[in-house]
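[1] structure for the following, please:
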Amino acid sequence: MSAEPPAKLRLDKWLWAARFCKTRALATDEIGKGRVRVNEQVVKPARELKVGDRVELRQGVVLRTVVVRGLSAVRGPAPVAQALYEETPASIAAREAAAERRRLAPEPAAAIDPGRPTKRDRRQLADWNRWSARVDDDQGR
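    Now for the predicted structure:
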């Protein structure tokens, strides 16, 4: 008996086998949150995929579009998983542009002054009026 690839496969199983999600439960959660679409339709985890279907999935801030090239109910090594789909050229370009934007973005921690305040900084903090009402304000009396 030879193990013949299935003609149709559940979407959550395929996302797990193609290594887009670490577990089927995570794949089901992603589908339930509306982050995965098949042929531009919102779907459920039990949706059956066929070869040639177009799957759009959001990974972080990146929207990836892949075309199903193979079906497998078994999670195999990464090269085998990558043979199950083909990413569209527009999706590759968008993913690379997002990576470039992240690379060129300023480091958020650079805006924070490092270390403890200097003596001058502490004096300025002490002079800062922390209260909304002043004691010496007689309000026009």
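
[2] may I see the buried residues of the longest helix seen in the chain?
    Secondary structure of the chain per DSSP state H: the longest helix is helix 89-104. Residues of helix 89-104 classed as buried: S91, R95 (neighbour count, 16 or more other CB atoms under 10 Å). C-beta coordinates here come from the backbone N, C-alpha and C atoms, glycine included.

[3] A83 contacts V68, correct?
    No: if you go by CB atoms under 8 Å, A83 and V68 don't touch, sitting 11.2 Å apart.

[4] name the residue in the two with the higher neighbour count.
    V68 (20 against 13; other CB atoms under 10 Å).

[5] from R120, how far out is the residue nearest to the more buried one when sequence neighbours are not counted?
    Leaving aside its chain neighbours, V68 sits nearest to D53 (4.7 Å; criterion: CB to CB, 6 or more residues apart in numbering). D53 is 64 Å from R120, where distance means CB to CB, to the nearest Å.

[6] which residues touch the host helix or strand of W16?
    Taking DSSP states H and E as the definition, W16 sits inside helix 11-17. Helix 11-17 is contacted by residues 9, 21-24, 27-28, 30-31, 36, 38, 43-49, 55, 57, 68, 71-76, 81, 84 when judged by CB atoms under 8 Å, 6 or more residues apart in numbering.

[7] separate out the buried members of those residues.
    Using 16+ other CB under 10 Å as the burial test, the contacts of helix 11-17 include 9, 21, 24, 27-28, 30-31, 36, 38, 43, 45, 47-49, 55, 57, 68, 71-72, 81, 84 as buried.

[8] chain center to the one helix or strand in the chain whose mean pLDDT sits lowest: distance?
    Within the chain, no helix or strand scores below helix 119-127, which has a mean of 81 by mean pLDDT, DSSP states H and E. Mean-position distance between helix 119-127 and its chain equals 42 Å (CA atoms, centre = their mean, to the nearest Å).

[9] output stretch 107-118 as PDB - backbone C-alpha positions only.
    What follows is stretch 107-118 as a C-alpha-only set of coordinates in PDB (Å, rounded to 0.1, in the frame of the first residue of the first chain):
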ATOM      1  CA  GLU A 107      14.900  52.000  17.700                       C
ATOM      2  CA  PRO A 108      12.100  52.800  20.100                       C
ATOM      3  CA  ALA A 109      14.400  52.500  23.100                       C
ATOM      4  CA  ALA A 110      16.600  55.300  21.700                       C
ATOM      5  CA  ALA A 111      14.100  57.900  22.700                       C
ATOM      6  CA  ILE A 112      14.300  56.900  26.400                       C
ATOM      7  CA  ASP A 113      17.100  58.600  28.400                       C
ATOM      8  CA  PRO A 114      19.300  55.900  29.800                       C
ATOM      9  CA  GLY A 115      20.200  55.700  33.500                       C
ATOM     10  CA  ARG A 116      19.200  57.600  36.500                       C
ATOM     11  CA  PRO A 117      18.600  61.400  36.500                       C
ATOM     12  CA  THR A 118      21.500  63.800  36.900                       C
END
